[in-house]
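# build me a structure from this.
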Amino acid sequence: MWLSIFIIYTIPPCPPPSPSIPLFCMKHSVHGANYIYGATLFPQQINAAASFNRDLVKTMGRIQSKDTKAGGIPWLFSPILGINTQPLWSRSFETFGECPYVAAEMGKAIIRGIQTEDDPEFPGLPPAAACMKHFIAYPAAVTGHDRSPIELDSRTVKQLYAPPFTAAVQEAGVKSAMEAYTEVSGVPMASSREYLVDLLRDEMGFEGMLVTDYNEIANLHQFHCVAENMSEAVELAMRDTSIDMSMNPPLAVGFADAVLDLVRRGMVPEKRIDASVARVLALKEWLGLLENPFHLLDGFPLLEASVGSAADKEVAMALARESIVLLENPQSLLPLEPSIMADKKIFVTGQGCDNLGMQSGGWTLHWQGAHRNSVFTDGKTFFEGLKEIFPLSKVWYHPGVTVAGTDIPGQREALRHAKEADVIVACVGESSYAEKPGDVNDLSLPAGQLEYIEKLTAMGPPVVAVLVEGRARIVGTALDNASAVLDAMLVGPSGGEALAEIIAGDINPSGRLPFTYPRYSGVAPQQYYRKPSSLCTTGRAILPFKYIDCPRQWEFGHGLSYTSFAYRNVSLSATTIDENTPLVVSLTVVNTGRRRGKETVLLFVTDKVRRVTPEYKMLRRFEKVGLLEAGKSSVFI
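Numbers count the residues shown, from 1 in each chain. A predicted model of the protein is given here:
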C-alpha cells in the first residue's frame, strides 16, 4: 500500500489544466530511470563518486534522463547534493559522499547530463529538467536518523553544505530544486527565509522552480509543530520562503484551498503567487510543454526503443568497474588468475553475494528496493559473476547467515565446504532500504554476521571479504584477518560481472572511498576535513596522556590498485599567493608497476593558520588519469 501511495504522489495533484497549460509529471530517477521498465540501472550515487570519473557520471545522467523521457516524463528528482557527514543516515548511499568539492563536481556532471540539449542520438529531442535536492544540510541530523533535527550554524552550512548547490546553480544551470524534510537550528526548511530566500535566491542566484519534499508544508503543522493549522502553515511557507510548488499527498487539496483563501483575505499578496506561477511556467516552457505537452510521446518513437540498450548497459558496467574499491590486499592474494584457479574450489557465502536487490539498494524498481532476483530484467549477482568468470573452478554458494546475523539452515555443512575451499569469497553488509525505514540505532553490523566472518577467517583458506552496504557500517576486528577486502557499496545489477572481473584481474580496480570509514562508533562521524583539535587520546588512566589522531578503518580517498603509481616533477606556479592569485599545480603520473591501470590524483590544501579554525585538509581538485600502460606516464595540471 505504501508503494502505491508513493508512486501516485509523484504526479502533483492539481485542478484540470486548461488546454494551454499542461500537467507537470516527474520521476525519482537517481541511478537510472528505475521506474521505467527495462531501463538501465546504474550504481548508486555513492558508487558514482567512488569512480571519480566525471565523464561517466555525466553520461549516466544523460541516459537516465533519456530513459525517463521515454516514459513521457521530462522532470527528474535528481541529483542528491547533500554531503554525507553522518554515516548512520539511511540516505548516505544516495549522496556523492562526504566531500563538498566531489559532490559539487559530480553534481555538475550529472546535471549537465540530465539537462542535455541537442542530443545527437535524438535530434530535436527536448531537454529534461534536473532537480537538485535536498536543500539544505539534510544529511546532518544529530542522531543520524532520517528527517531528524539538525543543529548547525549558518557558517558551517555555507562552508560545507552549500558548495554543491552553488555549483549546480551557477555552473550547471540546474532548473529546479527541492527543499528538505528537516529543520535546521529549530526552523523547518519549509518556513526558512534564511535558507530559501536569503541563501538560495539572493546569494546563490537561483531563478528556477522550488518544490517541497513530500507534504512538507502540511508538516509545518502536523510534524514540526510550528503552525497551529493548515492555513497558518501555508501562510508561513508563502510569506517566508520562495517555494513555488507543494508536493502533496494523493488527492489532497488543503494547500490549494488555503492559498486561495489567504490571497482573498489579503494574508498572502497576489504578487507572491504570481512570482511562483511565473517560475513554474518558465520551466514548462523550457521543457517544450507549452508548445506540445505530448511531444515526448508523439514525436520520438525511437526513444522508447533505446531504453535498456547494449550501449547504455556498457556505460553502467564501466561505472561499476571504476566504483568498486580495493581496500586491503596485504599479501597480494588478488588478482586470482582463472587459469591458476582451474579445478580449484571457490566457496561463496553471505546473502549479499547472491542478491541483486542487496547489491543495488533502495530506489531500485521499488521504493525500498527489490528483494527477489526474478524482478530484475538483467544483471548478475556476485555469485553468478564468479561462476561465469571462473568456468573451470568449482564455485559453490551458501548464504551462511542472514543480514540480521541469524544462522541459516545448512550453515554447518557450509562451513565444512568453506574449510575445504581454496578461496572463500564472503559478502557482508545490509539489506536494501530507503529513507526512514532504513534507520538503525547501531552503526555496527549485526554481531552474527561479524562472528560468521571471523569463523571463516579462522579456517585456513584465504578469505576475500566484500562489503555490500549503503553506508559505512562498523566491522570491528572481523576483517582484520581477511586476505583481501573490497567495498562494492551498492554497485547495481552490473556489479556481479564487474566484481568478478576485478577479482580475476581482468579489470584493475581504480575506485576510491568517497567517505571516511570509521573504526569505532565513538569517533563517528568524523570527516577527513576534521578540525585540528578533533583528536583522541591514548586512553591511559595515568598521566601523562597523549593526543593522537582518531583511529579510522579506512581514510577518505583510500583505494588500492594491482599496479603502482609514482608522482614526479611536482611544481607550483607560485610560492606566495593571495585571494586573487590562481595557483597551478602540475605533476607527472608514472605507472611504475607491471599492469595497466587508472589513477585518481587528489589535491588537498591546508591553511596553517586561519581566523576561523582551519580544516585538517580540504580537497580542492581531483583528476582521474586515463588508462596508463606499465612504464608509461601522463602529465596532470
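# next one: stretch 585-597 to chain centre, how far?
Centroid separation between stretch 585-597 and its chain, computed with Cα atoms, centre = their mean, to the nearest Å, is 29 Å.
# model confidence over that stretch, on average?
In this model, stretch 585-597 has a mean pLDDT of 95.
# now residue 286: how far from residue 27?
For residue 286, the distance to residue 27 equals 18 Å [Cβ to Cβ, to the nearest Å]. From N, CA and C alone the C-beta is placed, and that goes for glycine too.
# OK, contacts around residue 321?
Applying Cβ atoms under 8 Å, 6 or more residues apart in numbering to residue 321 gives the contacts 498, 501-502, 507.
# scan these and report the most crowded one.
Neighbour counts for those (other Cβ atoms under 10 Å) peak at residue 498, which has 28 neighbours.
# any idea of the pLDDT on that one?
Reported pLDDT for residue 498: 98.
# on that earlier part again, looking at residue 286 and residue 27, which one has more neighbours?
residue 27 (25 against 18).
# what residues sit buried inside the top strand by length along the chain?
In the chain, with assignment by DSSP state E, the single longest strand is strand 618-628. Using 16 or more other Cβ atoms under 10 Å as the test for burial, strand 618-628 gives 618-619, 622-625, 628.
# cool, and stretch 627-637?
Neighbour count says stretch 627-637 has 628, 633-634, 636 buried, by 16+ other Cβ under 10 Å.
# so how far is it from its chain's centroid?
29 Å.
# I'd say residue 247 and residue 216 touch.
Yes - at 7.4 Å, residue 247 counts as touching residue 216 under the criterion of Cβ atoms under 8 Å.
# neighbour count for these two, which is higher?
A count of neighbours by other Cβ under 10 Å puts residue 216 above the other of residue 247 and residue 216, at 27 against 21.
# contacting residues around residue 511?
47, 50-52, 322-326, 487, 559.
# switch the cut-off to 7 Å
Applying Cβ atoms under 7 Å, 6 or more residues apart in numbering, we find residue 511 in contact with 50-51, 322-325, 559.
# got it, and residue 596?
So residue 596 contacts 508, 627-630 (Cβ under 7 Å, 6+ apart).
# need those in JSON lines with pLDDT and distance to residue 117, can you?
Below are the contacts of residue 596 laid out as JSON lines (pLDDT from 0 to 100; distance: Cβ to Cβ, whole Å):
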{"residue": "508", "pLDDT": "98", "distance to residue 117": "36"}
{"residue": "627", "pLDDT": "88", "distance to residue 117": "30"}
{"residue": "628", "pLDDT": "89", "distance to residue 117": "34"}
{"residue": "629", "pLDDT": "93", "distance to residue 117": "37"}
{"residue": "630", "pLDDT": "92", "distance to residue 117": "41"}
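# how far away is residue 112 from residue 175?
12 Å.
# compare neighbour counts for those two and give me the winner.
residue 175 (25 against 21).
# what's the distance between that one and residue 146?
Distance, residue 175 to residue 146, using Cβ to Cβ: 26 Å.
# and residue 100, by the same measure?
Distance from residue 100 to residue 146, by Cβ to Cβ: 21 Å.
# and what of residue 569?
48 Å.
# the two: who's more crowded?
Neighbours were tallied for residue 569 and for residue 146 using other Cβ under 10 Å; the higher tally belongs to residue 146 (21 against 11).
# low-scoring pLDDT stretches of this structure, where are they?
1-19, 539-542 (pLDDT under 70).
# what about 50?
1-16 (pLDDT under 50).
# domain-wise, how is it divided?
The chain is divided into the following domains under automatic domain parsing: 26-305, 310-523, 563-636.
# figure out how far the longest one is from the centre of its chain.
When you say that, I think you mean domain 26-305. 15 Å.
# with the second one instead?
Taking the mean C-alpha point of domain 310-523 and that of its whole chain, the gap between them comes to 19 Å (Cα atoms, centre = their mean).
# any idea how far apart the tips of it sit?
Start-to-end span of domain 310-523 (Cα to Cα, to the nearest Å) is 45 Å.
# figure out the helix or strand that residue 235 lives in.
helix 230-240 (DSSP states H and E).
# that helix - contacts with which helices or strands?
Here helix 230-240 touches helix 216-222, helix 254-264, going by 3 or more Cβ pairs under 7 Å, 6 or more residues apart in numbering; DSSP states H and E.
# would you mind finding the most buried of these?
Compared across the helices and strands packed on helix 230-240, helix 216-222 shows the largest average neighbour count, a mean of 23 (mean count of other Cβ atoms under 10 Å).
# elements contacting it?
Going by 3+ Cβ pairs under 7 Å, 6+ apart, helix 216-222 lies up against helix 230-240.
# mind listing what's buried along the helix it packs on?
230-238, 240.
# what number of residues are in the vicinity of residue 305?
10.
# look up how far residue 75 lies from it.
With Cβ to Cβ as the criterion, residue 305 and residue 75 are 22 Å apart.
# with residue 398 instead?
Between residue 398 and residue 75 the distance is 45 Å, computed by Cβ to Cβ.
# more neighbours, the two?
Applying other Cβ under 10 Å to residue 398 and residue 75 shows that residue 75 carries more neighbours, namely 27 against 20.
# the contacts of residue 511 in strands, which ones?
Among those, DSSP E puts residue 325 in strands.
# just checking, next helix/strand downstream of the helix or strand residue 426 falls within?
Assessed by DSSP H and E, residue 426 sits inside strand 423-429. Next along the chain after strand 423-429, taking DSSP H and E as the criterion, comes helix 447-457.
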